[in-house]
Structures are given as C-alpha cells and as structure tokens.
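[1] The amino acid sequence is not available; the structure is as follows:
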C-alpha cells in the first residue's frame, strides 16, 4: 500500500514502516521558539541539564512577537533569551530580523523532507518547503531539542487537488480562507494536508507559505507541499541545495479528497470572531474600516507587498484610516526598499513598522480601540486577539483586499477599485 | 497520578472553539511569568469572574475544539495553577491536547451536553467514567491514550525524560 508524505517522513525519521494511526519516536531535524514561548522552554531545557541541541540542524530562537520591546517586563524576557542564546551558542534572530516563520526558511535550516517542530502554532508554514513541520507547546519542543527526538502519532492525510489559475486580484489567502470555510476550524484536527494538482503552478513559494501557515486554523498538524521546480528554484536563488524531497505514492491512502478550481475563487474574508466564518468580500461592501494591517507570517512577504502596491497604484490611504505595514523579515524589507515599494507605501500614507509580528497578537504597537473594525492579512480574528478589548472586530483578508479597503475606507473587493 | 477527582463544573459562552487566547490572553503572556499570577487572569476575556470563582479541584466543561489557536503552554499551565483538575470536552485541538498532559492536566473526551454549570462530578481517570451523583448519571469517556497515562503518572513530559533518560512510552 502506498504512503503519504507524512507517513514517509515519519517513517524515515523513525526507521520504521509506519502508517496512519501508529505511534513513533522520530528524530527531529530542527527546532525553533519565539519570545512568547521561549521562557518556559528555556526553563524546561535548563531543568533537563541542556547543553547543546540534539537535533540534526540545531535550533533557533527568534525575538519577533513583541519586538522591539515595548516595556521593561518584555525587555527582561528578551534579555533572558539573549543570555541563554549566548551561553549555549544557539543562533538568535534578534529584533528587526523578522517573523520566525520567514526568518527560519530564509536561514536554509529547513530542507525538503525534514521533520521540524516549533513552539509556535504556525510552524506548519514550513510545509511549503515539503517539510513535515508542526507547532507544539514548549515542553514538547524542549524535549525534541534536548533529546533530538519526539513521539508522534502518524496522521491521516487529506488530499486537496487544485485546478486552474487564480483570477486577477485573487490569491493564496483567498484560497486558504475558502478551504477553511469549507473544512471548518476543527475539520482537519490532527491531520496532514497535501495540496496537489496543476493549480500549484499558480502558487508561488510565498503563496504556499500563506496556505501552509493557516493549516493549523483547521486543526491540522502538517501541510507538506510537493517538492517541485518552484521549491528548487526558491532554494537555489538563496544559495541552498535542497535535495530531492519526499513525494507521496500514487496509491497512498487519503482520508478525504477535496477539489478546488482556482478560477472559481473570489476574494474572501473571515469575519469576526472565528477564522472559519468565511464570506465573499463583495457581501461585506460598505463595512467601515478603522485600521488596515498588512504583514505577519501569513502575508508579510515580498509578493504580498507587491500585491498591495499593484492595487493601490499610488493612491492614498483614505483619510481617517490607519494603514500599518510590517514586512515579514529584514530581507523582505530590503528587497521592498530596493523595489521602491516602501517609499510608495509611505507616500500613500501607510505606517511601516520594523520586521516582526507587528500588531497581530496585540503585544505591542498598533493596538486598536474599542469598537473599531480592523482589516488584517493575519491568520486569527479571535475576540481580543489584537490586544486590549473584546469589542474590536477583526476581518481577515488577502493583501489585495487589505489594500483596496485602505484606499476606500470600507471593506472592498480589490477587483472593484 | 490521582485517579479519582471530585469538583464542580464551570461552563462558558462560547461553548465550542474556546481558543488559547481566551484561556489566557496574549497580552499577559509577556507581562506575567509566574503561573500563580497568570492564573488570576485565566478565562478572563470570556468570563471575567472565573478566576475568583474557581475552587481547587474544579472542572472545566466545554464543547468542540477546546484549546484551539496559539501553542502557548501558558494555557494549560494557568488552568492548572488556577486549581482546575481536569477538562471535559467533546474534542480538543492537537497542540493543547499534548501540552496539557505534558504539564499534568488531564483532558477527557465525552459528550458534554448533559453537564450543567455547578454540577458536582466525580471523575474516575483509570476507568474513564464521569459520574454526577446528584443526578444519578454516569457516562464513559474515550479512553485516555496509553502515552498520555504514562506522562500523567510520571508528572509530565520533562519529569518523564528525567526519570527514564529519554522516551519510555511503551
């Protein structure tokens, strides 16, 4: 019987011929933690007598969630992370380097076919690179870092076939919101999701990261994409040699098969306060917008900023609307500066923040006021998510829809501006 | 591992998809390091009076997909520090499920529609039974996976590794 990518990766990392439902102890290639989860992980590692990571390509710590520090308390946490990284010779990505889920792929430490865990739920993002990668709590990541291994239940897999190509001003975010709306917030709990089909040709590596990033919003564990020409080009353009990666067998067994025609997908929005409450953007026309946020591990990459620029075409942010942009990494910021995107955004009236998580999780800058509507390219719209209060409404959209809404001051279909 | 738990039930609105942001808000995870202080803010965004009301040994009862969202381990740790001795729900999100057993908080899966706030329950972890003596109801829960029992018995994942020098899950 054929194997899925998850079965193969967990099999070759545990030296077993495993299938969905089996429990394996597998070797882990790479681990990461960020400033919101590192404190507990470092404490757990120290209590185990940690000296150096047992994982094949080590680990990384990233200061991105509350960065630069907004308070003395956070500064103490950051200092503790820096001191730990120094004393254990662990690579640290400090303030301004960017969001963990952009910085880690850029570092070349995650390769196709890898098994990766991170103390951040959106670690599934590296599925775009053909890795089986998942978010876990600090104790699990500490255990993997310390021993170089972790136990896994081999997940069942869903196969999502993509056909056709996106219409203009429709992109990866609209696809993944459409999928989540259909599958539901717990519809893929503990599953591995494989996207396949000729529609993949329409998904750049940035787009695949957007889609893999949000797999956890359906409860999924992994979201490994195939390793194809786009994957190999992405690595070689950064000077890395990716290796062959892992493919699923033709006769692999999938628990569910779903089909999406990309040409049928229209701009989508996830409405408050659950990610799986997905509507067409055109149904929400006229909804007033107070703040627009472009960024995060979902949509803060170079092609996202290019999409924003394409929709805005030099037009100004509507008076009374605040537009905040946080590039996903220093590399993205520099490329956006070189391409003239940043000067265009600032001239349009946007506020550009340092690379990092930005206002996504409400731990520092850009916290909205009570009663406000926020249009965001992030991945969660839970009540209170952006910081202070329970009376903020967060609408999750694509970069294109965010840009169109910034220009008009209302939630706007980007095909209409 | 204590196998017989007794306590009162707390329920919330919403009942389904209670995420880890609701269990402990992101704004506290950077401010407060001490779990006993974090426990004062547990469930605050959906039930501001909960932290003052909860008694040691009490249970949280919910619907589907409890603990979805962020991987923050502060969520199960803060629940435990607040005195919650177990959670009963129809289903759990994956990361929260593992993390809870890793920090010694047992989660039970069963139908929960019949349970009301304020009910006094007796939970038998070993046999997977939930009893409400006042209403003479007894239901069976899905068995706790063997690995999770091992982790609970050893006092969590880190203690398990210390005790065995690695994974000893069979």
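    Structure's in. What do you need? Keep in mind the model is a prediction, meaning the values are calculated, not measured.
[2] Next, count neighbours for residue 41.
    The chain I'm using is chain A. Using other Cβ atoms under 10 Å in any protein chain shown, residue A:41 is surrounded by 29 other residues. In this view, the C-beta of every residue, glycine as well, is placed from N, C-alpha and C.
[3] Chain B was what I was after
    22.
[4] Now do the strands in the stretch 1-150 of chain A.
    In the stretch 1-150 of chain A, the segments counted as strands under DSSP state E, counting those that start in this stretch are A:23-27, A:30-34, A:59-62, A:92-93, A:115-119, A:132-135, A:149-153.
[5] Tabulate those (TSV), appending mean pLDDT and distance to chain B.
    Output for the strands of the stretch 1-150 of chain A, formatted as TSV (pLDDT from 0 to 100; distance: least, Cβ to the nearest Cβ, whole Å):
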stretch	mean pLDDT	distance to chain B
strand A:23-27	97	5
strand A:30-34	98	10
strand A:59-62	98	14
strand A:92-93	98	18
strand A:115-119	98	6
strand A:132-135	98	4
strand A:149-153	97	6
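[6] Which of these sits closest to residue A:162?
    Among the strands of the stretch 1-150 of chain A, the nearest to residue A:162 by Cβ to Cβ is strand A:132-135 (19.9 Å).
[7] Could you check which residue of chain A lies nearest chain B?
    Nearest residue of chain A to chain B (Cβ to the nearest Cβ) works out as residue A:137 at 3.2 Å.
[8] Please, which helix or strand holds the closest residue to that residue other than its chain neighbours?
    Residue nearest to residue A:137 in three dimensions, not counting chain neighbours: residue B:99, with 3.2 Å by Cβ to Cβ, 6 or more residues apart in numbering or on different chains. Element membership for residue B:99, per DSSP states H and E: helix B:94-102.
[9] neighbouring contacts of that helix?
    Residues outside helix B:94-102 that contact it (Cβ atoms under 8 Å, 6 or more residues apart in numbering or on different chains): A:121, A:135-140, A:189-190, A:216, A:219, A:221, B:20, B:66-68, B:71, B:73, B:75-76, B:87, B:92, B:106-107, B:148, B:151-152, B:156-158.
[10] Which of the residues you listed fall in strands?
    A:135, B:87, B:107 (DSSP state E).
[11] In contact with the second one, which residues?
    It stands for residue B:87. By Cβ under 8 Å, 6+ apart, the residues touching residue B:87 are B:59-62, B:66, B:79, B:100, B:105-108.
[12] Same list, the residues you listed, but as JSON lines with neighbour count and pLDDT please.
    What follows is those, written out as JSON lines (neighbours: other Cβ atoms under 10 Å in any protein chain shown; pLDDT from 0 to 100):
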{"residue": "B:59", "neighbour count": "24", "pLDDT": "98"}
{"residue": "B:60", "neighbour count": "26", "pLDDT": "98"}
{"residue": "B:61", "neighbour count": "27", "pLDDT": "98"}
{"residue": "B:62", "neighbour count": "23", "pLDDT": "98"}
{"residue": "B:66", "neighbour count": "31", "pLDDT": "98"}
{"residue": "B:79", "neighbour count": "27", "pLDDT": "97"}
{"residue": "B:100", "neighbour count": "28", "pLDDT": "98"}
{"residue": "B:105", "neighbour count": "22", "pLDDT": "97"}
{"residue": "B:106", "neighbour count": "22", "pLDDT": "97"}
{"residue": "B:107", "neighbour count": "22", "pLDDT": "98"}
{"residue": "B:108", "neighbour count": "23", "pLDDT": "97"}
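[13] what about the helices in chain B?
    Counting by DSSP state H, chain B has helices at residues B:20-23, B:26-29, B:35-38, B:50-53, B:74-81, B:94-102, B:146-154, B:157-164.
[14] I'd like to know which of these lies nearest to residue A:345.
    Here helix B:26-29 is closest among the helices of chain B (Cβ to Cβ), at 26.5 Å.
[15] Outside of that closest one itself, list whatever touches it.
    Contact with helix B:26-29 is made by A:36, A:361-363, A:385, A:387-388, B:38, B:41, B:70, B:72, B:74, as judged by Cβ under 8 Å, 6+ apart.
[16] which parts of it are buried?
    By neighbour count on 16 or more other Cβ atoms under 10 Å in any protein chain shown, the buried set for helix B:26-29 is B:26-29.
[17] Also stretch A:57-71?
    With burial defined by 16+ other Cβ under 10 Å, the residues of stretch A:57-71 counted as buried are A:57-69.
[18] Repeat that for stretch A:76-96.
    A:77-78, A:80-81, A:84-85, A:88, A:90, A:92-95.
[19] what's the farthest-apart pair in these?
    Top of the distance list for those (Cβ to Cβ): A:88 and A:95, 19.7 Å.
[20] Go ahead and confirm residue A:213 touches residue A:304.
    No - using Cβ atoms under 8 Å, residue A:213 is not in contact with residue A:304; the gap is 11.7 Å.
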